[in-house]
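>>> This is the structure alone, sequence omitted:
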């Protein structure tokens, strides 16, 4: 395993500032005079290694105690990212012009990035599992932001062996909404824009917590079902997942909130129907455009109370130029918007003037 993996036993002797990361469990930032040490933990579930990187400004001296770690000069001018969830941080920090490459460009929903793609400013790099290394070497990004599903990432290892700087980003493995959103500080450090990243995140945090307090006033908690059938199985979030926690914060009674784990449950139609046929609300996976389309795929959907009452909600309407879901790209970075949407759905009287950003009721 490569791309920056080193023993975590070496500690710098320099006096350090307090870590400014408050919610995220997967990374820390330690600031010194002219450099920042980024430590990434848990980049994937049950990761056993820690990854450390040194970000330094022009003229900075990297002490001997940090020489063993990958060093990247900041502010970054040319970057490659590999997940659509990385894109919103570049947008919010106004650093989209630094993006020079991405795998599978068609999945990007951002209008700003799509405009640059149309002008030939962002290179296509193939698939994440088999990035075009020759193209990347030609582009010469100052850093490639990668992610792993497990500890087998041969493409990222090959990039580092080719002389490119690779940093792991584990935003997707965070367990809390604000923890995910706080990864904007990871990008803020790369651009020597930590104060701006802090300002942006603090605004998201403030709005999120305010909405959470509003939701707590609700006198009841409507029952909520989720997901739908895909290839013969009904997929829905486990009880410790990001989506389940957001429903709880919105003062909803998610019917599978007691299940353990952060991934998806795969259940039979009959199992879901038995538990959820009288649920008040239904949050679908986003694969359907209308209620008629749902019923055409599975007529039994009509038997659910939420379907009969037209209380089925989806984020499908927000799409990028090529049909990619804006929700999957932006929602992890903007849990304040997701929470407001859910409170509006569950308790519309609490946010009377708010217009949902992602979620809309499916029409007949």
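Sure thing, it's come through. Here the structure is a predicted model, which is why all the values come from computation and not from measurement.
>>> Strands of the stretch 101-250 of the chain, start to end?
With strands called from DSSP state E, counting those that start in this stretch, the stretch 101-250 of the chain shows them at 123-124, 126-127, 130-131, 143-146, 166-168, 223-226, 228-230, 233-237.
>>> Okay, helices next: where are they in this protein?
Secondary structure of the chain (DSSP state H): helices at 87-92, 111-118, 133-139, 154-161, 177-181, 184-190, 194-215, 242-249, 269-276, 291-297, 305-308, 326-330, 335-346.
>>> For residue 145, find the nearest of these.
When the helices of the chain are compared by C-beta to C-beta, helix 184-190 sits nearest residue 145, at 8.2 Å. In this view, the C-beta of every residue, glycine as well, is placed from N, C-alpha and C.
>>> Which other helices and strands does the closest one contact?
With contacts taken as 3 or more C-beta pairs under 8 Å, 6 or more residues apart in numbering; DSSP states H and E, helix 184-190 sits against strand 27-31, strand 35-40, helix 87-92, helix 194-215.
>>> For that helix, what is the distance to the chain centroid?
14 Å (C-alpha atoms, centre = their mean, to the nearest Å).
>>> And the contacts of that helix?
With contacts defined as C-beta atoms under 8 Å, 6 or more residues apart in numbering, helix 184-190 is touched by 20-21, 24, 27, 29, 36, 38, 55, 72, 74-76, 79, 86, 88-90, 92-93, 95, 143, 169, 171, 194-198, 200-201, 333.
>>> Would you mind giving the helices of the chain as JSON lines with distance to residue 127 added?
Listed next are the helices of the chain as JSON lines, based on distance: least, C-beta to C-beta, whole Å:
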{"stretch": "helix 87-92", "distance to residue 127": "17"}
{"stretch": "helix 111-118", "distance to residue 127": "17"}
{"stretch": "helix 133-139", "distance to residue 127": "12"}
{"stretch": "helix 154-161", "distance to residue 127": "9"}
{"stretch": "helix 177-181", "distance to residue 127": "24"}
{"stretch": "helix 184-190", "distance to residue 127": "23"}
{"stretch": "helix 194-215", "distance to residue 127": "29"}
{"stretch": "helix 242-249", "distance to residue 127": "25"}
{"stretch": "helix 269-276", "distance to residue 127": "33"}
{"stretch": "helix 291-297", "distance to residue 127": "29"}
{"stretch": "helix 305-308", "distance to residue 127": "37"}
{"stretch": "helix 326-330", "distance to residue 127": "17"}
{"stretch": "helix 335-346", "distance to residue 127": "28"}
